[in-house]
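> quick one: sequence and predicted model below, then my questions.
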Amino acid sequence: MSFATPRRFERFNCDMAVWIHPSGETEPLLAEVLNISGGGFLCIVDRPMETHQRMDVSVELPQRSELVPVIAEIRHIREHEDGNYLIGLEFKEIEGMAVPAFIAYIEAMFL
């Protein structure tokens with residue numbers, strides 16, 4: 001029996017980098033994004049983190065000159081075969097954009 005819930009947004013494979021700043025840490029980390037959706041993204045980092053930890057994320061989107069500040073929460077984490085960690089982040093707040101507009105922007109980039 002599976003307890004997985006259906007995804008609300010389509011995921012798109014991508015190759016982009018974001019800066020994540022976990023709460024309680026002084027230095028941001030560079031993370032590689034593997035896929036993105038209107039609800040969040042999956043990225044790879046070099047250290048373990050805690051589920052439900054919130055962090056500031058700086059996202060670079062095509063056709064925008066400035067980084068988009070996002071508050072995200074870790075929904076899941078697992079160790080990758082190479083010793084790094086895959087973390088799934090859910091978008092909680094997006095500065096300067098309404099969430100529906102951000103979702104439409106992400107989907108338009110990949111469709």
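Looks like it came in fine. Numbering: from 1, shown residues only.
> for the rest of this, base every contact and every neighbour count on C-alpha atoms.
Noted.
> quick one: the helices in this protein?
99-110 (DSSP state H).
> okay, and the beta partners of the spatially most central residue of it?
By CA atoms, centre = their mean, the chain has its centre lying nearest to F41, at 3.4 Å. In this entry, F41 is beta-bridged to I36, L89, by DSSP bridges.
> quick one: low-confidence residue ranges for the chain.
Low-confidence segments of the chain (pLDDT under 70): 1-7.
> and the strands in it?
Along the chain, the segments classed as strands by DSSP state E run 12-22, 29-36, 40-45, 54-59, 68-79, 85-94.
> which ones are touching the nearest residue to G83 once chain neighbours are set aside?
The spatially closest residue to G83, leaving aside those adjacent along the chain, is D46, at 7.6 Å (CA to CA, 6 or more residues apart in numbering). Contacts for D46 were tallied using CA atoms under 8 Å, 6 or more residues apart in numbering; they are 83-85.
> same check on N35?
11-15, 41-43.
> which of the residues you listed are buried?
Those of those that meet the buried threshold are 11-12, 41-43, by 16 or more other CA atoms under 10 Å.
> of all those, which comes closest to A72?
F41 (9.5 Å; CA to CA).
> close enough to count as contact, the closest one and L89?
Yes. Between F41 and L89 there is a contact under CA atoms under 8 Å: 5.4 Å.
> for the strands of the chain, which one sits closest to E107?
strand 12-22 (8.3 Å).
> for the nearest residue to I94 once chain neighbours are set aside, give the beta-bridge partners.
Counting by CA to CA, 6+ apart, V70 is the residue found nearest to I94 once chain neighbours are left out, at 4.5 Å. V70 has these beta-bridge partners by DSSP bridges: V57, I94.
> give me every residue that touches V70.
56-59, 91-95.
> which member of the residues you listed is positioned nearest H76?
F91 (13.1 Å).
> rewinding a little: same list (the buried ones among the contacts of N35) but as CSV, adding distance to Y105.
Putting the buried ones among the contacts of N35 into CSV (distance: CA to CA, whole Å) gives the following:
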residue, distance to Y105
R11, 13
F12, 13
F41, 14
L42, 18
C43, 19
